[in-house]
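**Student:** Show me how the following folds:
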Amino acid sequence: MELQAVYAHTKEMMDKSIEAMKKEFGTLRSGKVSISILDSIRVDYYDTPTPLNQVGSVIAQDASTIVITPWEKNLLKDIERAIQEANIGVNPNNDGETIKLFFPPMTSEQRKETAKEAKNIGEKAKIAIRNIRKDANDKIKKLEKDKTISEDASKKGQDEIQKFTDNATKKIDDLVKHKEEDLLKI
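**Tutor:** Below is the predicted model:
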């Protein structure tokens, strides 16, 4: 039963790495503006750094505009400052009611640069997968050394971990390829 626990843990950790990569992809700017570009921005709300989407409504009005409507008008200046400090490539426009962010269309150079970033995120995810594989194989080798499992079971277990690794790596490659195509099409 020990091997099953190693498999379950390995699969779970690999899935989490892929999910983290997908989440990081969300912060990349593509042709169409996404509100997830603001996910890392924190606003000082009663001396507590609070995510932007918890102090007001954040919506993508169209392909190049995000509108932020704070729930408390006195937060407009703090939100504006937080966006400027985040340096996301646009200046906030405060009209006294809402803050609008107008994102210019991406140049082909910016698209290529962002595609390169996506590839780097994918590489980091692959490194995480390989580290998870190594940990799993070390656990399996320890089970064999402790005589909890046979040499054959150890070999089969390591082969199974390699299958998980190959599947996760293929999934990452597919997601990166899809993200690059998405970024490079106009």
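
**Student:** Helices of the protein, start to end?
**Tutor:** 2-26, 76-86, 108-145, 151-184 (DSSP state H).

**Student:** Give me the contacts around the first one.
**Tutor:** When you say that, I think you mean helix 2-26. For helix 2-26, the external contacting residues (Cβ atoms under 8 Å, 6 or more residues apart in numbering) are 34, 36, 39, 118, 121-122, 124-125, 128-129, 132-133, 135-136, 139-140, 143, 148-149, 153, 157, 160-161, 164-165, 168, 171-172, 175, 179. In this view, the C-beta of every residue, glycine as well, is placed from N, C-alpha and C.

**Student:** Buried subset of the residues you listed, written for PyMOL?
**Tutor:** Command for PyMOL that selects the buried part of the contacts of helix 2-26, burial taken from 16 or more other Cβ atoms under 10 Å:
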select buried, resi 34+36+118+121+122+125+128+129+132+133+136+139+140+143+149+157+160+161+164+165+168+171+172+175+179
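
**Student:** where does this structure dip in pLDDT?
**Tutor:** 1, 31, 186 (pLDDT under 70).

**Student:** any idea how far the residue of the chain most remote from its centre is from Met13?
**Tutor:** Here the centre of the chain is the reference, and by Cα atoms, centre = their mean the most remote residue is Lys147, at 40.2 Å. Distance of Lys147 to Met13, given as Cβ to Cβ, to the nearest Å: 26 Å.

**Student:** Show me the domain layout of this structure.
**Tutor:** Following automatic domain parsing, the chain resolves into domains at 2-27+107-184, 35-102.

**Student:** start to end distance for the longest one?
**Tutor:** What that stands for is domain 2-27+107-184. One end of domain 2-27+107-184 sits 46 Å from the other (Cα to Cα, to the nearest Å).

**Student:** if we can go back for a sec, which one of the helices of the chain lies closest to Ile68?
**Tutor:** The closest approach between Ile68 and any of the helices of the chain, judged by Cβ to Cβ, belongs to helix 76-86 at 6.1 Å.

**Student:** so how far is the closest one from its chain's centroid?
**Tutor:** When distances are taken as Cα atoms, centre = their mean, to the nearest Å, helix 76-86 is centred 23 Å away from the chain's centroid.

**Student:** what's next to it, contact-wise?
**Tutor:** By Cβ under 8 Å, 6+ apart, the residues outside helix 76-86 that reach it are 38, 40-45, 52, 55-56, 68, 70, 90-92, 94, 96, 99, 101.

**Student:** Alpha carbons of it, in CSV - could you do that?
**Tutor:** This file holds the C-alpha atoms of helix 76-86, laid out as CSV (Å, rounded to 0.1, in the frame of the first residue of the first chain):
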residue,chain,number,x,y,z
LEU,A,76,-10.0,55.9,-5.3
LYS,A,77,-6.6,57.5,-4.6
ASP,A,78,-5.2,54.4,-2.8
ILE,A,79,-6.3,52.2,-5.7
GLU,A,80,-4.7,54.6,-8.2
ARG,A,81,-1.4,54.7,-6.3
ALA,A,82,-1.4,50.8,-6.0
ILE,A,83,-1.8,50.5,-9.7
GLN,A,84,0.9,53.0,-10.5
GLU,A,85,3.3,51.3,-8.1
ALA,A,86,2.5,47.9,-9.6
